[in-house]
Structure formats: C-alpha cells, structure tokens
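Chemist: what's the 3D shape of this:
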Amino acid sequence: MAGARRLGVAVDFSPYSIEALQWTVDNVVKEGDHLILVTVRPEGWNYEDGEIQLWKDQGSPLIPLAEFSDPAVMKRYGVKPDPQTIDIVSEAAKQKDIVVVIKIYWGDAREKLCEAIDHVPLDYLTVGNRGLGKIKRAIMGSVSNYVVNNATCPVTVVKHAEHQH
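Modeler: Next comes the predicted model:
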C-alpha cells in the first residue's frame, strides 16, 4: 500500500461535489488507490462540541469509510454526509478495491484544501465548480480558481452539468 496513489476530492455534499466525486471515481480511481474526501466546515461552528476542539487547527484524523457512514460518529465532527456520497464511495470501495477515508477541516475552504494537499499529502485533487457568474465570483472569490492557482499537485475542476450545454 506504500505505493498507493492518494486521490483527493473536495466535498461539501452539494450536487457540485457529488458530480466531482462521481467523475473522479469513474475516470481517475484505480484498484489500490486511496480516495480521500476532503471537507471544509465554516469557521463559525461551535468548537466546544465533540471532537472539533481537538482538531480545529490540523483537521480531523483520517476517518475510515465505516465510521463516516455512521451518523453518530459524524455528528461529533459537525458533518452530515449525504446518502448519495456514501453510496458512491461504498460502491467504489467494493468494486475497485480502494481505501476510502474522509478528512475534515474547519475554516476557509481555499486555504484548507491547499493545506490538505501538502499535509495529507495528496497526489491529485478534484474540485467541483458551482458555476458562479463573473460578478458573484469577483465578490465571493472562486474556491476552485484559488486551488488551481495555489495547489502543489494536479487539480481537476469538474464543471456542474447545467453549465455544459
């Protein structure tokens, strides 16, 4: 397993991240890979709760699929994975014989995704794209754009299907 690729997918359990996850499983993941879901929760979460206070700076430990499929475990981290994400990774783990884990960070998604690349470390990252218009993107900033320009590994941005006409 030492030679296994570490493939990251940024997930926020939105339709955009589910598309990015499915695309990665269909097009990139190979037998023996490690698939690391990276999720970033907003700063405003109450750090007194559960495991969060222990991990707010460095992120959570790598949480195996069996645990992040358990709502009681994930509640301690303030994360609620959607059933579709769990189905996609459970099926991929069985069919492709891969290891699936999740890593949770708290803070700014742009910075924390780049941090994950260096600290996990990741060989590759896929991010979804919400397809914000130019004005919203200028005001809010684009997570995918920031990550593409600052990442130390290859990054693929999967555009939301609605915008692929």
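Chemist: Just the buried residues of stretch 27-46, please?
Modeler: 29, 33, 34, 35, 36, 37, 38, 39, 40, 41, 45 (16 or more other Cβ atoms under 10 Å). No exception for glycine: its C-beta is placed from N, CA and C like everyone else's.
Chemist: Show me the helices in the protein, by range?
Modeler: Ranges of helices in the chain, per DSSP state H, are 15-27, 52-55, 65-68, 71-75, 83-96, 109-119, 134-140, 143-150.
Chemist: picking that back up, can you tell me which of the buried residues of stretch 27-46 are in strands?
Modeler: Residues of those located in strands (DSSP state E): 34, 35, 36, 37, 38, 39, 40, 41.
Chemist: what's the closest non-adjacent residue to the fifth one?
Modeler: The reference is to residue 38. Nearest non-adjacent residue to residue 38, counting by Cβ to Cβ, 6 or more residues apart in numbering: residue 116, 4.7 Å away.
Chemist: which residues touch the one you found?
Modeler: Listed by Cβ atoms under 8 Å, 6 or more residues apart in numbering, the contact partners of residue 116 are 8, 36, 38, 59, 103, 105, 122, 125.
Chemist: which of those tops the neighbour count?
Modeler: Neighbour counts for those, by other Cβ atoms under 10 Å, peak at residue 125, which reaches 28 neighbours.
Chemist: Distance check, residue 67 against residue 130.
Modeler: To residue 130, residue 67 is 29 Å away according to Cβ to Cβ, to the nearest Å.
Chemist: which one of the two has more residues nearby?
Modeler: Between residue 67 and residue 130, counting by other Cβ under 10 Å, residue 130 is the more crowded of the two (18 against 15).
Chemist: ok, that one touching residue 160?
Modeler: Yes. Checked against Cβ atoms under 8 Å, the pair residue 130 and residue 160 is within contact range at 6.5 Å.
Chemist: pLDDT score assigned to the closest residue to residue 112 other than its chain neighbours?
Modeler: Using Cβ to Cβ, 6+ apart and skipping the chain neighbours, the partner closest in space to residue 112 is residue 105 (3.8 Å). The score at residue 105 is 92. That number is its pLDDT.
Chemist: I'd guessed residue 105 sits against residue 59; true?
Modeler: Yes. Contact criterion Cβ under 8 Å: residue 105 and residue 59 qualify, at 4.2 Å.
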